[in-house]
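# okay, here's the prediction I keep looking at, along with the sequence it came from:
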2 protein chains.
Amino acid sequence: MKQERAAHTRQSLIRSAAEAFEQHGYVRASLAQISSSAGVSTGALHFHFANKAALASTVEASAAVVLRRSAQAAQRPDLNALQQLISTSHALADQLCHDAVARAGYRLNCETPHRTGLELRGEWQECVRHLLARAAEDHLLADGIACEDLTTSVTAATIGFEVLGRRDFGWLSPASLTRFWRLVLPRWATAPTLAGLDPEQRPATT
Amino acid sequence: MKQERAAHTRQSLIRSAAEAFEQHGYVRASLAQISSSAGVSTGALHFHFANKAALASTVEASAAVVLRRSAQAAQRPDLNALQQLISTSHALADQLCHDAVARAGYRLNCETPHRTGLELRGEWQECVRHLLARAAEDHLLADGIACEDLTTSVTAATIGFEVLGRRDFGWLSPASLTRFWRLVLPRWATAPTLAGLDPEQRPATT
């Protein structure tokens, strides 16, 4: 019972910290405010986290867990690699839209990647590269489309949607991403592959 | 003579401030360090700028001037609107790569757009929208390509190149942007337009 309560308090603190980092930035977020909006004393906060940096590292690590889990769930083995890429982009955008911890942790990580050793933007780029390499192996890409060029462009565009989405969630909406995929897939995929792709496909809830 | 020296000092301070903001961030950059690397006393700095915020606003305003000038030079009247868009993207990337004031001012502006009332990212999006609307009017866009969707995708991708270029200038190189344009133009432009486009074209030095 006691353990459950402690776990619950810890989760509340992580969520309050994420909200404070998002609203005020890491530097200006205050521990007093974070503990108060989690409904606990600053003593209780310090029982769980030594300082603000420890709290920020935990927010980042929590974001990494949920974002990786979303990405994995989107890469269903019955989908081809291009569809997996489309679905993963939708799943990550959705997570960033609806989960303050994912959002704050990802953004803290982009600003200060040295704190935790995580490199979430780099992980996304590797995921794009890996899925496009598989798409090339499986002959899903049109003639003359170089996998490495595609990796560069997809990475840049999706990072752009994420950055623009910080001020306006519309950029992370399924409609925005779908428009992007519709504009590029006809050039990038072979005709038979294109016929089977769904640029709107978001992963089914698991 | 005295006026010339004052103007020169002011420019040195703007450049040192840009370098300091870029290296240490706005919050941690110190006025003592900025004046010292400009080779002037802190007294001289305060003669020109009331405080760090005033210096930052001037760096932003200077960035706006050079970026707008580059963008305008790239939109040569003998080029069609799509070629102007390609050339403008190259010109801005080049400016961000090679000019510390443009880079620091642009980035300060993205982080704290409220300071000066400038909204440089928004200006870029409007520039993209305007050039693509002209491209549509001039029948340069392929059938079924909606101008607004194109604006979204080009804005996201180019902002992505800029953000990724903060850690690695390779993203802002002519080669990176050229690869992007090569991957997308064949789908977006009509066949006769495509034949006349140069995805590498950077504006001639004026």
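Good, I have the coordinates.
# tell me where the model's unsure across chain A.
Where chain A drops to pLDDT under 70, the residues are A:1, A:113, A:203-206.
# for the biggest helix by length in it, packing partners?
In chain A, with assignment by DSSP state H, the single longest helix is helix A:2-28. Under the contact criterion of 3 or more Cβ pairs under 8 Å, 6 or more residues apart in numbering or on different chains; DSSP states H and E, helix A:2-28 touches helix A:31-37, helix A:42-48, helix A:52-74, helix A:100-111. C-betas here are computed from N, CA, C, even on glycine.
# quickly list the domain ranges of chain A.
A:1-49, A:60-196 (automatic domain parsing).
# how about the residues of chain A near chain B?
A:27, A:121, A:145-146, A:149-150, A:152-153, A:155-161, A:163-164, A:171, A:176, A:179-180, A:182-184, A:186-188 (Cβ under 8 Å from any Cβ of the partner chain).
# now a PyMOL select for only the buried ones of those residues.
Those of the residues of chain A next to chain B that count as buried under 16 or more other Cβ atoms under 10 Å in any protein chain shown are selected in PyMOL with:
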select buried, chain A and resi 121+145+149+150+152+153+155+156+157+158+159+160+161+163+164+171+176+179+180+182+183+184+186+187+188
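# just how off-centre is stretch A:35-43 within its chain?
Mean-position distance between stretch A:35-43 and its chain equals 28 Å (Cα atoms, centre = their mean, to the nearest Å).
# could you do stretch A:130-147 as well?
On the basis of Cα atoms, centre = their mean, stretch A:130-147 sits 24 Å off its chain's mean C-alpha point.
# outside of that stretch, which residues touch it?
A:75, A:80-82, A:84-85, A:88, A:129, A:150-151, A:154, A:187-190, A:193, B:179, B:183 (Cβ atoms under 8 Å, 6 or more residues apart in numbering or on different chains).
# so which bits of that stretch are buried?
In stretch A:130-147, counting by 16+ other Cβ under 10 Å, buried: A:L131, A:L132, A:R134, A:A135, A:A136, A:L140, A:L141, A:A142, A:I145.
# can you measure across that stretch, start residue to end residue?
This stretch, stretch A:130-147, spans 10 Å end to end (Cα to Cα, to the nearest Å).
# next: stretch A:114-125.
Termini of stretch A:114-125 sit 18 Å apart (Cα to Cα).
# how about that stretch: buried residues?
A:T116, A:L118, A:L120, A:R121, A:W124, A:Q125.
# how about those, which pair is most distant?
Within these, two members stand farthest from each other by Cβ to Cβ: A:T116 and A:Q125, at 17.7 Å.
# in contact with A:E126, which residues?
Contacts for A:E126 (Cβ under 8 Å, 6+ apart) come out as none.
# could you pull up phi and psi at it?
In this entry, A:E126 is assigned phi and psi values of phi -60, psi -40 (degrees, to the nearest 10).
# any idea how far it is from B:A100?
According to Cβ to Cβ, to the nearest Å, A:E126 and B:A100 sit 30 Å apart.
# ok, A:A6 next?
49 Å.
# which of those two has more residues huddled nearby?
B:A100 (20 against 13; other Cβ atoms under 10 Å in any protein chain shown).
# correct me, but the more buried one touches B:E19?
Yes. Between B:A100 and B:E19 there is a contact under Cβ atoms under 8 Å: 5.4 Å.
# picking that back up, now the longest helix of chain A, how far from the centre of its chain.
Using Cα atoms, centre = their mean, the distance between the centre of helix A:2-28 and that of its chain works out at 19 Å.
# list the contacts for the residue nearest to A:Y106 when sequence neighbours are not counted?
Distance criterion Cβ to Cβ, 6 or more residues apart in numbering or on different chains; nearest residue to A:Y106, sequence neighbours excluded, is A:A63 at 5.1 Å. The neighbours of A:A63, taking Cβ under 8 Å, 6+ apart as the test, are A:V101, A:A102, A:R103, A:A104, A:G105, A:Y106, A:L108, A:N109, A:L120.
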